[in-house]
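Student: show me the folded form of this:
(2 chains)
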Protein chains: 2
Amino acid sequence: MTSTYSNGFNVSIDLSGERFRVAYRLVGSKEEAQQKAREICVEQTIEFPDDLVTGGDIREHILGRIESFQPAEPVESPEPAEPGSAPAWEVVISYAIEITGFELTQLVNVIFGNFSLKTGVRVERLELPESLLKPFMGPRYGIKGLRELLGVPERPLLCSALKPMGLSVKDLADLAYLFALGGVDMIKDDHGLADQPFAPFYERVERCAEAVAKANRETNGRCLYIPHITAPTDRIFAKALFAREKGAGGLMVAPGLVGLDTMRSLADEPRIRLPIISHPAFQGSFVTSRDSGVSHHVIFGQLPRLAGADATIYPNYGGRFSFTRADCLSIVHGATVSMGHLKPIFSAPGGGMSLERIPEMIETYGKDVIFLIGGALHKMGPDLVENCHRYIEILCRQ
Amino acid sequence: MTSTYSNGFNVSIDLSGERFRVAYRLVGSKEEAQQKAREICVEQTIEFPDDLVTGGDIREHILGRIESFQPAEPVESPEPAEPGSAPAWEVVISYAIEITGFELTQLVNVIFGNFSLKTGVRVERLELPESLLKPFMGPRYGIKGLRELLGVPERPLLCSALKPMGLSVKDLADLAYLFALGGVDMIKDDHGLADQPFAPFYERVERCAEAVAKANRETNGRCLYIPHITAPTDRIFAKALFAREKGAGGLMVAPGLVGLDTMRSLADEPRIRLPIISHPAFQGSFVTSRDSGVSHHVIFGQLPRLAGADATIYPNYGGRFSFTRADCLSIVHGATVSMGHLKPIFSAPGGGMSLERIPEMIETYGKDVIFLIGGALHKMGPDLVENCHRYIEILCRQ
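Tutor: A predicted model of the protein is given here:
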């Protein structure tokens, strides 16, 4: 087939005919929403005056295609919808899989590159066929693999964090040793630990990994030390390889700071092969509006999973952040919903969690969850090892 | 000085005493905003129960410090503020420069990592002392350098885009040849061009660079071909080096897709040394709310400049996007405001620009601006070369 447009090009494109789908939520009158849906089809693909593309392959196949349009489900929100507030619509738009070039960067670009600059439109969910997912390795471990690594087949996992920022390497390593003696499953750097002069990365990672290994020998445990390796692009691979070599048991990466595909590259790298924990730093702005941006489901569920994360950290509801229970459950859904060959991954709620909430959390999340307990483990009393033991005991009893 | 907290660590930290400042806009009652300001100081640094850090260096120096707190200037918005809407406040918080580790990734993390997950708080502007900026090269060319490269000392610059997506390499190269013959200053790939099977990256870049070089020989011109090199992290440097080798005159990068620091790495790379054009794809969600996220000034002005961009693309007001004139001017301000040794950079408004708006645009932006004209150059008539000539002529007359 050929496509002509007014400047005289004839276009014939060889495509498989396979398409992927993106559900968008649009706010406004039916006419406004329909107009916006048509704009998405153009803006996210050819970004060219519609009337100059008269027909043929570009019009038929490259342009986005509206697959369905219907009233949207109401969003569960802490504030009730104002009377007379604008109605919302869900449009599903499909795109040829080839326009992504089978690269994560361009896939995200097609989904919401330019349209992120518009208000009143939110990416709700992605439906990606196996033909598009095939080149993506996805999570190396997933829920099952991480459980095997830890030797914990069933109970919820416990992860603590090394902090506060400002401690020396020796102090952080001592802290790691105590947590590991206490039997937590994973110890991560706080996301504020980078490569500061008072706790330089290389020294910190080596000493903390040693401390955890020592405790593991003493307890016959399998605790994983997970350094935060968010770092400049030209240093991040060297840092990740160093961490692997010195005995780190996983890597924490913030895709909002280093780029989603940098996380993917680290997850895929055959010389690293460590579990990847995704941290939400600097990604909150995607979800602070209910009517614009990207859904919790996609930004903290589907996308990190596609980028190879084995667990996704997010702020728990009822803590010091403003996510609702429904938001959190939609992340769990994104982390586990069927996505071709991609393994389901752990949700890791954190941010002001406490001992008392464990039964409620398990009722909400089930057992395939990582509890991130930071400050609360310190607040339970002066004996950190004892505090960790108590926590693990409670988790075993659930 | 030492800091003690309840688990028995004693901390003494060697810091320069130099601090950088971040202005945040907070929405809510005065008491709510003051509470939120205190939370920012903790959350963005130690992320630890405040009452467990009893004094000393962590409390005095690592924690964020409130420098000022006052009613915020009203935001210029298309909709008038609703009567009875919550008041807004501006708080300036300072942080020790050392907690950034002098890395862009961690700097952004300190500015808004976790707090991006909260509503009702927006990053307004950054005040970074030279002691922090020193390790950052910033824009290699800036306004002056790019003008020298192009041999255009004064008039506004004209940049067009290769599109629509779906054209073959041959068609895109033909288009590039015509634009260059027409005398445009820069020709960029449309941001939708990645590495698709119908126009593969390596072939496209080589052919388009050749086409522009050919036209330059014929016109004795200096038109720059600027390929879009947003790509997976493990391929992006190879692509950028290839582009440089084949004669590309600059690189377009979308930091929202590859990560801000990946752009910085490309800008700094001594084997590349090309002007960098920043594209706003997937960054819109930072600015779709007036009350949350990051200001236009910071996200499209100060941050890309800090990351080495020589020009920053953004949607012009009055086009098909919803930025206001004030939003656009705040970007220009971020692109040119004094930031230590960092060179001022070009603003590059685009998105539905037309010939008729040039005088108004120049009144708004002055002459240090790059006009991005895509579809409109095609719409002016069938003879692209003639259309470009007309445009340049008009720019020369301003």
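Student: if I pick the closest residue to chain B within the stretch 251-398 of chain A, what's in contact with it?
Tutor: Nearest to chain B, among the residues of the stretch 251-398 of chain A, is A:Gly259, at 2.6 Å (CB to the nearest CB). The C-beta positions use only the backbone N, C-alpha and C, and glycine is treated the same way. Listed by CB atoms under 8 Å, 6 or more residues apart in numbering or on different chains, the contact partners of A:Gly259 are A:105, A:233, B:233, B:257-259, B:261-262.
Student: for A:Ser289, which non-adjacent residue is closest in space?
Tutor: Take A:Ser289 and drop its neighbours on the chain: the residue closest to it by CB to CB, 6 or more residues apart in numbering or on different chains is B:Ser289, 4.5 Å away.
Student: among the contacts of A:Gly259, which are located in strands?
Tutor: In strands, judged by DSSP state E, none of the contacts of A:Gly259 are found.
Student: ranking these by neighbours, who comes first?
Tutor: B:Gly259 (33 neighbours; other CB atoms under 10 Å in any protein chain shown).
Student: pLDDT score assigned to the residue of the stretch 251-398 of chain A closest to chain B?
Tutor: Looking at A:Gly259, its pLDDT reads 98.
Student: need the phi and psi values for the nearest residue to it once chain neighbours are set aside.
Tutor: Take A:Gly259 and drop its neighbours on the chain: the residue closest to it by CB to CB, 6+ apart is B:Gly259, 2.6 Å away. When read as degrees, to the nearest 10, the backbone of B:Gly259 gives phi 100, psi 140.
Student: same question for A:Arg65.
Tutor: With angles defined as degrees, to the nearest 10, A:Arg65 sits at phi -130, psi 130.
Student: list the beta-bridge partners for A:Tyr225.
Tutor: Per DSSP bridges, the residues bridged to A:Tyr225 are A:Ile187.
Student: for it, what are its contacts?
Tutor: With contacts defined as CB under 8 Å, 6+ apart, the neighbours of A:Tyr225 are A:176, A:180, A:186-187, A:208-209, A:211-212, A:247-250.
Student: make a markdown table from those and add secondary structure, pLDDT and neighbour count to it.
Tutor: Shown next, in a markdown table, are the contacts of A:Tyr225 (DSSP: H, G, I helix; E, B strand; the rest coil; pLDDT from 0 to 100; neighbours: other CB atoms under 10 Å in any protein chain shown):
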| residue | secondary structure | pLDDT | neighbour count |
| --- | --- | --- | --- |
| A:Ala176 | helix | 97 | 28 |
| A:Ala180 | helix | 98 | 29 |
| A:Met186 | strand | 98 | 29 |
| A:Ile187 | strand | 98 | 31 |
| A:Cys208 | helix | 98 | 30 |
| A:Ala209 | helix | 98 | 24 |
| A:Ala211 | helix | 98 | 23 |
| A:Val212 | helix | 98 | 28 |
| A:Gly247 | coil | 98 | 16 |
| A:Ala248 | coil | 98 | 26 |
| A:Gly249 | coil | 98 | 24 |
| A:Gly250 | coil | 98 | 24 |
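Student: ok, which pair from the residues you listed is furthest apart?
Tutor: A:Ala211 and A:Gly250 (15.7 Å; CB to CB).
Student: next one: the closest residue to A:Gly319 other than its chain neighbours relative to A:Ser322, how far apart?
Tutor: Nearest non-adjacent residue to A:Gly319, counting by CB to CB, 6+ apart: A:Gly352, 3.3 Å away. Plainly put, A:Gly352 is 12 Å away from A:Ser322 if you go by CB to CB, to the nearest Å.
Student: that older thread, got TSV for the contacts of A:Gly259, with distance to B:Ile40 too?
Tutor: Shown next, in TSV, are these (distance: CB to CB, whole Å):
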residue	distance to B:Ile40
A:Thr105	31
A:Thr233	27
B:Thr233	31
B:Leu257	28
B:Val258	28
B:Gly259	24
B:Asp261	23
B:Thr262	27
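Student: the residues you listed: which two are farthest apart?
Tutor: Largest separation among the contacts of A:Gly259 by CB to CB: A:Thr105 and B:Asp261, giving 14.6 Å.
Student: list the contacts of A:Gly250.
Tutor: Residues in contact with A:Gly250, defined by CB under 8 Å, 6+ apart, are A:186, A:188, A:224-226, A:274-277, A:310.
Student: chain neighbours aside, what residue packs nearest to A:Arg21?
Tutor: A:Arg21's closest residue in space is A:Glu127 (CB to CB, 6+ apart), at 4.1 Å.
Student: neighbours of the one you found, how many?
Tutor: Using other CB under 10 Å, the number of residues around A:Glu127 comes to 17.
Student: what of A:Arg235?
Tutor: 17.
Student: just A:Ser29 next, same as before
Tutor: Using other CB under 10 Å: A:Ser29 sits among 11 other residues.
Student: tell me the contacts of it?
Tutor: A:86-87.
Student: what bridges to A:Tyr314?
Tutor: A:Pro349.
Student: how far away is the residue lying closest to A:Ala86 once chain neighbours are set aside from A:Asn114?
Tutor: Leaving aside its sequence neighbours, A:Ala86 sits nearest to A:Val27 (CB to CB, 6+ apart; 5.0 Å). Distance of A:Val27 to A:Asn114, given as CB to CB: 18 Å.
Student: these two - which one has more neighbours?
Tutor: A:Asn114 (25 against 20).
Student: hang on, that one packs against A:Glu43?
Tutor: Yes. Shown here, A:Asn114 and A:Glu43 form a contact pair, counting by CB atoms under 8 Å, at 5.0 Å.
Student: A:Val92 belongs to a helix?
Tutor: No. According to DSSP: H, G, I helix; E, B strand; the rest coil, A:Val92 belongs to no helix; its state is strand.
Student: how near is it to chain B?
Tutor: As judged by CB to the nearest CB, to the nearest Å, A:Val92 and chain B stand 20 Å apart.
Student: give me the neighbour count for that residue.
Tutor: 18.
Student: A:Leu384 contacts A:Ala176, doesn't it?
Tutor: No. Counting by CB under 8 Å, A:Leu384 does not reach A:Ala176; the two are 10.5 Å apart.
Student: phi first, then psi, for A:Ile236.
Tutor: For A:Ile236, the backbone dihedrals are phi -70, psi -30 (criterion: degrees, to the nearest 10).
Student: tell me, how many residues neighbour A:Ser131?
Tutor: Neighbour count of A:Ser131, defined by other CB under 10 Å: 16.
Student: right, I mislabeled it, should have said A:Glu203
Tutor: Neighbour tally, A:Glu203, other CB under 10 Å: 15.
Student: test my guess that it contacts A:Val169.
Tutor: Yes. Between A:Glu203 and A:Val169 there is a contact at 4.9 Å, judged by CB under 8 Å.
Student: the residue lying closest to A:Leu384 once chain neighbours are set aside: which element?
Tutor: Spatial nearest neighbour of A:Leu384, excluding adjacent residues (CB to CB, 6+ apart): A:Leu178 at 4.4 Å. With elements taken from DSSP states H and E, the one containing A:Leu178 is helix A:169-181.
Student: ok, A:Tyr95 next?
Tutor: Using DSSP H and E, the element containing A:Tyr95 is strand A:88-96.
Student: counting by contacts, list what that strand packs against.
Tutor: Helices and strands touching strand A:88-96, by 3 or more CB pairs under 8 Å, 6 or more residues apart in numbering or on different chains; DSSP states H and E, are strand A:19-27, helix A:30-43, strand A:65-71.
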